[in-house]
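A.B. asks: got a sequence here, can you model it:
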Amino acid sequence: MRSVSKKVILTGSFAVGKTSLVSQFVYRKFPESYKTTLGVRIDKKVVELENVKINMIIWDIGGEQSQIRIPDSYYLGSSGVIYVFDLSRPASFLNMSENINYIRQKLPNVPIIIVGNKIDLLDERTFQQIKDILPIPADFFTSALQGDNVENMFLELAQQII
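C.D. replies: Numbers count the residues shown, from 1 in each chain. Got it, this is the predicted structure:
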């Protein structure tokens, strides 16, 4: 079986649940307390797809309202991006179009998965209303707390990378 290492970055505004998504994917648990990520936190998980062992090196980047504030060095060597926003906090997706465009300029030809997190905080009616006003449609809606769609999101990105 062939083995490859791929750098994946999670980015988005502060407090959208990036660290919780990584914790749920890598360790299968939700963090008991909230801790702000300063700079970058790196984790690793190995997944197998189509006879390829992928060492996903996951860079959890501290949240910023604007991606322009993230150091260019964090983007270097990235094979995939997960852009996370908080479904329960519209301010976290107001600048989404500009942020995604900026990332695409920095990382042309790199797959980007757009994720609305914290679906567990919304009722069905509110969820539909939020979906209707999103500037860019989300690829996945997740709950880091309950684990909903977390693994699917990472596996889809891994599939796109290989």
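
A.B. asks: and the gap between the closest residue in space to R28 that isn't next to it in sequence and K29?
C.D. replies: Nearest residue to R28 in three dimensions, chain neighbours excluded: G147, at 7.5 Å (Cβ to Cβ, 6 or more residues apart in numbering). From N, CA and C alone the C-beta is placed, and that goes for glycine too. Noted for G147: a distance of 9 Å to K29, by Cβ to Cβ, to the nearest Å.

A.B. asks: V115 now?
C.D. replies: 19 Å.

A.B. asks: do the same with V46
C.D. replies: Following Cβ to Cβ, the distance that separates V46 from K29 is 18 Å.

A.B. asks: ok, Q129 next?
C.D. replies: Applying Cβ to Cβ to Q129 and K29 gives a distance of 31 Å.

A.B. asks: before we move on, what about E156?
C.D. replies: With Cβ to Cβ as the criterion, E156 and K29 are 22 Å apart.

A.B. asks: and the two? Which one has more around it.
C.D. replies: For E156 versus K29, neighbours defined as other Cβ atoms under 10 Å are more numerous around E156 (17 against 10).

A.B. asks: starting at the chain centroid, how far to the helix or strand harbouring that one?
C.D. replies: Using DSSP states H and E, E156 falls within helix 150-161. On the basis of Cα atoms, centre = their mean, to the nearest Å, helix 150-161 sits 10 Å off its chain's mean C-alpha point.

A.B. asks: buried residues, it. List them.
C.D. replies: Neighbour counts over helix 150-161 (16 or more other Cβ atoms under 10 Å) mark 150, 153-154, 156-158, 161 as buried.

A.B. asks: C-terminal to the strand or helix carrying K45, what's the next element?
C.D. replies: Counting by DSSP H and E, the element that carries K45 is strand 40-49. Past strand 40-49, further along toward the C-terminus, the next helix or strand under DSSP H and E is strand 52-61.
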